[in-house]
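> give me a 3D structure for the following:
(2 chains)
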There are 2 protein chains.
Amino acid sequence: MEEKEISRAVIKRLPRYYRYLGELLESGTERISSGELSERMQVTASQIRQDLNNFGGFGQQGYGYNVKHLHTEIGKILGLDQDYNMIIIGAGNLGQALANYVKFEKNGFLVKGLFDVNPKLKGVAVRGIVIRMTDELPAFLQEHDIQIAALTLPKQYAKEMADFLVDHGIRAIWNFAHTDLHLPEDVIIENVHLSESLMQLSYNISRYSREHK
Amino acid sequence: MEEKEISRAVIKRLPRYYRYLGELLESGTERISSGELSERMQVTASQIRQDLNNFGGFGQQGYGYNVKHLHTEIGKILGLDQDYNMIIIGAGNLGQALANYVKFEKNGFLVKGLFDVNPKLKGVAVRGIVIRMTDELPAFLQEHDIQIAALTLPKQYAKEMADFLVDHGIRAIWNFAHTDLHLPEDVIIENVHLSESLMQLSYNISRYSREHK
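Coordinates of the predicted model:
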């Protein structure tokens, strides 16, 4: 099925709409104008209309947006109308932090396994998920239908592990290792490089202090 | 001091140049052509030249780039020629993971304090950094020159904590709480919203499966 290409900038904004609409839903709000949504989100009303028009627009003149409908539709666009089984490779603090995020489960990202090479971690449970050794991965992947692998292991092991996972059928990688993975084109990679985020901060701090000298 | 406005897209690419050049330096490479750098980074050579031209260009015809010089200059642009003192508010798994990243220190981000409200964590040391209770923050901030606060606490406490920190002189916030902080204009905020990153992944998975049905 072909569909209109939506710009990456719009896609990047959708989770934020989804979050605000979710908060409105929880507070019992049934409908909202683009003006009100604009004020809450601190985005211009015209930006909101333009963004949502990418998906056929869900608003009605004089009524505004039906919060529940819009929340559901954006959820569908983001692929949140289905569940994803996820494993986490690397059960250090970061891996355990991810396994502990109940929020992810609420959005349909189910942590099915947590793996490490450290024998001291073997059998330790994080929120009911028992840490397994990575040599159990081939059997585990054969028994379970896993869509996403999060890599929270040191960067020197990340490439080899990513290749291994792709060979075993994984097609989506959430990469926290600070290295670029070069994988086949049909593998989806989402990088979270914390050092780079920190450098955006230092860039802005030093630019600010240069400009206000 | 006024300076040329550099696009956010270029700034976002700089940490990656910095990382690759750092790896080249470590491997003893003294100079590199834009062609070789392009092959390593899987970015076109013309993109590299264009990006680096934003900063006056550091290359010489027929010589290429001096790796050490370019690494140093990009580091300066990113504000990495100075150290930053950082505190982490929220000493759960994520806060402890950040405190454990030795890599940050190498880039000049020094973790000076780790704070939580959970009395069970009081006095626990993470890589030598003792966890303090948040009520010790005012005194701590008066005694120490802190530039960056990382917020790794539940979102319902994030806004109040951010306001408190700004009142106490913090001007840069690295926000992991999944909420938008509305702070004075001179406060620099860098958000890391893991749920949103995960939604980019599910968007791409579901788009891919729709397109290949």
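
> next, count neighbours for A:Lys155.
15 (other Cβ atoms under 10 Å in any protein chain shown). Using the backbone N, CA and C atoms, a C-beta is placed for each residue, glycine as well.

> just checking, it touches A:Phe176?
No - the criterion here is Cβ atoms under 8 Å, and A:Lys155 misses it with A:Phe176 at 9.4 Å.

> could you chop chain A up by domain?
A:8-77, A:84-196 (automatic domain parsing).

> quick check: longest strand of chain A.
strand A:109-116 (DSSP state E).

> flag every buried residue along it.
In terms of neighbour count (16 or more other Cβ atoms under 10 Å in any protein chain shown), strand A:109-116 has its buried residues at A:Phe109, A:Val111, A:Lys112, A:Gly113, A:Leu114, A:Phe115, A:Asp116.

> in contact with the third one, which residues?
Read it as A:Lys112. Residues near A:Lys112 by Cβ atoms under 8 Å, 6 or more residues apart in numbering or on different chains: A:Asn85, A:Met86, A:Ile87, A:Ile129, A:His144, A:Ile146.

> narrow these to those in strands?
Filtering the contacts of A:Lys112 for strands - DSSP E - leaves A:Asn85, A:Met86, A:Ile87, A:Ile129.

> from these, which is closest to chain B?
Closest approach between those and chain B, by Cβ to the nearest Cβ: A:Met86, at 8.7 Å.

> which helix or which strand is home to A:Leu198?
helix A:194-211 (DSSP states H and E).

> buried set for that helix?
Those would be A:194-208, for helix A:194-211 by 16+ other Cβ under 10 Å.

> now stretch A:148-168
By 16+ other Cβ under 10 Å, the buried positions in stretch A:148-168 come out as A:148-153, A:157-159, A:161-162, A:164-166.

> what's the mean pLDDT across it?
Taken as a whole, stretch A:148-168 has a mean pLDDT of 97.

> so it, near chain B or not?
Yes - using Cβ under 8 Å from any Cβ of the partner chain, stretch A:148-168 comes into contact with chain B via A:Ile148.

> just stretch A:19-36 next, same as before
Yes - shown here: stretch A:19-36 in contact with chain B (Cβ under 8 Å from any Cβ) through A:Arg19.

> which residues sit against that stretch?
In this structure, residues lying in contact with stretch A:19-36 by Cβ under 8 Å, 6+ apart are A:37, A:40-41, A:45, A:48-49, A:52, A:59, A:63-68, A:70-71, A:74, B:178, B:195-196.

> and for stretch A:6-13?
Stretch A:6-13 has contacts (Cβ under 8 Å, 6+ apart) with A:Val43, A:Asp51, A:Asn54, A:Phe55, B:Glu196, B:Gln200, B:Tyr203.

> make JSON lines out of these and add distance to B:Ile32.
Output for the contacts of stretch A:6-13, formatted as JSON lines (distance: Cβ to Cβ, whole Å):
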{"residue": "A:Val43", "distance to B:Ile32": "42"}
{"residue": "A:Asp51", "distance to B:Ile32": "41"}
{"residue": "A:Asn54", "distance to B:Ile32": "41"}
{"residue": "A:Phe55", "distance to B:Ile32": "44"}
{"residue": "B:Glu196", "distance to B:Ile32": "35"}
{"residue": "B:Gln200", "distance to B:Ile32": "32"}
{"residue": "B:Tyr203", "distance to B:Ile32": "36"}
